[in-house]
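Colleague: below are the sequence and a predicted model; questions follow.
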Amino acid sequence: MASIPFEHALLLASVLFALGLVALLIRRNLIVMLMSVEIMLNAAGLAFIAAGSRWGQPDGQVMFLLVLTLAAAEVGVGLGLVLQIYRRYKTLDVDRLSEMQG
Amino acid sequence: MELTLFYLSALVAIAATFMVVIQCNTVHALLYLIVSLLASGFIFYLLGAFFAAVLEVIIYAGAIIVLFVFVVMMLNLGSKTIEQEKQWLCPGIWHGPAALCAILFAELLVTLMRSGAHEAGRIVESKTLGIALFGPYLLAVETASMLLLAGLVGAYHLGRPLRSGS
């Protein structure tokens, strides 16, 4: 039975992470930026799962569970912030939310 | 065979994620994100992590995406809504995600048809995972529950309506 090469799984995870990072950098919609953060967390989880499968240990899946919990908490708070920002500024464009001159 | 399935679902995942990056409409990006997460779940299954695959579909592609859809629905209250509704109802938008989903479905059928040993990675059973979770990682699990509670309280606090005058 041919097993999946570890390097290819890691390569897939890094490609997905890079795509998420590019989306975070080039998109200016707050919801899409949160989605790209989700993509990056998912890619990190994929790397953990691949490593756990490579060595046959459950630690990879444990780390994936923790990443999942982190993603759920992050998206809850993040979407709450998005709602507040939309109520105050009537826009989701992060370039217009530059009151702090960052 | 398993390698073919892996590379096919990897291609689906990358294509769907790329479409998330270049889609202008948020809802279309969400559709492609669902396909990407489903493909990731299939890859987890192929890698032998069954529990993680199930959690990926239930929590990522289910709960988190539903949160996104709720927020998009809450924010799209305007006069543009009817035009957008017309756009959503016209066929053609869903062709891309549907094609990618059809590929994933075909892979699922192939996997189900070939019963028996069909994983391309080392299987980590749910039992060992549970023993590890509630043995050496017990403190991490408790901390994760505290994190979820903090996220719940924070989201409730942030989501409350604005007081007039503030």
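Modeller: Arrived safely, thanks for sending.
Colleague: switch to C-alpha atoms for all contacts and neighbour counts from now on
Modeller: Fine.
Colleague: mind listing the strands for chain A?
Modeller: Remark: no strands are assigned in chain A by DSSP state E.
Colleague: what about the longest helix belonging to chain A, distance to the chain center?
Modeller: The single longest helix within chain A, with elements called by DSSP state H, is helix A:59-89. Taking CA atoms, centre = their mean, to the nearest Å, one finds the center of helix A:59-89 at 9 Å from the center of the full chain.
Colleague: okay, now residue 53: neighbour count?
Modeller: This is for chain A. 26 (other CA atoms under 10 Å in any protein chain shown).
Colleague: to clarify, I was referring to chain B.
Modeller: For residue B:53, using other CA under 10 Å, the count is 23.
Colleague: from chain A, how far out is it?
Modeller: Going from residue B:53 to chain A by CA to the nearest CA, to the nearest Å gives 10 Å.
Colleague: one step back: quick check: buried residues in the longest helix of chain A?
Modeller: Within helix A:59-89, the residues scored as buried using 16 or more other CA atoms under 10 Å in any protein chain shown are A:59-85.
Colleague: got it, and stretch B:100-113?
Modeller: For stretch B:100-113, a neighbour-count test (16+ other CA under 10 Å) marks B:100-101, B:103-104, B:107, B:111 as buried.
Colleague: follow-up on the earlier one: check which helices and strands the longest helix of chain A is in contact with.
Modeller: Here helix A:59-89 touches helix A:30-55, helix B:50-55, helix B:65-75, helix B:126-133, helix B:138-158, going by 3 or more CA pairs under 8 Å, 6 or more residues apart in numbering or on different chains; DSSP states H and E.
Colleague: just so I know, which of those lies nearest residue A:95?
Modeller: helix A:30-55 (10.0 Å; CA to CA).
Colleague: and the closest one, is it in reach of chain B?
Modeller: Yes. Residues of helix A:30-55 contacting chain B under CA under 8 Å from any CA of the partner chain: A:31-32, A:35, A:39, A:42, A:46, A:49-50, A:53-55.
Colleague: which of these are buried?
Modeller: Buried among the residues of helix A:30-55 next to chain B (16+ other CA under 10 Å): A:31-32, A:35, A:39, A:42, A:46, A:49-50, A:53-54.
Colleague: any idea which of those residues is closest to chain B?
Modeller: Using CA to the nearest CA, residue A:53 is the member of these that lies nearest chain B, at 5.2 Å.
Colleague: count of residues packed around residue 41?
Modeller: Picked chain A for this. Around residue A:41 there are 20 residues (other CA under 10 Å).
Colleague: meant chain B, my bad for not saying
Modeller: Residue B:41 has 27 nearby residues by other CA under 10 Å.
Colleague: chain center to the stretch of helix or strand it belongs to: distance?
Modeller: Per DSSP states H and E: residue B:41 is located in helix B:26-46. Centroid separation between helix B:26-46 and its chain, computed with CA atoms, centre = their mean, is 5 Å.
Colleague: please export the C-alpha coordinates of it as CSV.
Modeller: What follows is helix B:26-46, C-alpha atoms only, in CSV (Å, rounded to 0.1, in the frame of the first residue of the first chain):
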residue,chain,number,x,y,z
THR,B,26,-18.1,37.4,0.1
VAL,B,27,-20.7,34.8,-0.3
HIS,B,28,-19.1,33.2,-3.3
ALA,B,29,-15.8,33.2,-1.4
LEU,B,30,-17.6,31.4,1.5
LEU,B,31,-18.8,28.7,-1.0
TYR,B,32,-15.3,28.1,-2.2
LEU,B,33,-14.0,28.1,1.4
ILE,B,34,-16.5,25.3,2.3
VAL,B,35,-15.2,23.2,-0.7
SER,B,36,-11.6,23.8,0.5
LEU,B,37,-12.4,22.7,4.0
LEU,B,38,-14.2,19.6,2.8
ALA,B,39,-11.2,18.7,0.6
SER,B,40,-9.0,19.2,3.7
GLY,B,41,-11.3,16.8,5.6
PHE,B,42,-10.9,14.2,2.9
ILE,B,43,-7.1,14.6,3.1
PHE,B,44,-7.3,14.0,6.8
TYR,B,45,-9.2,10.8,6.2
LEU,B,46,-6.7,9.6,3.7
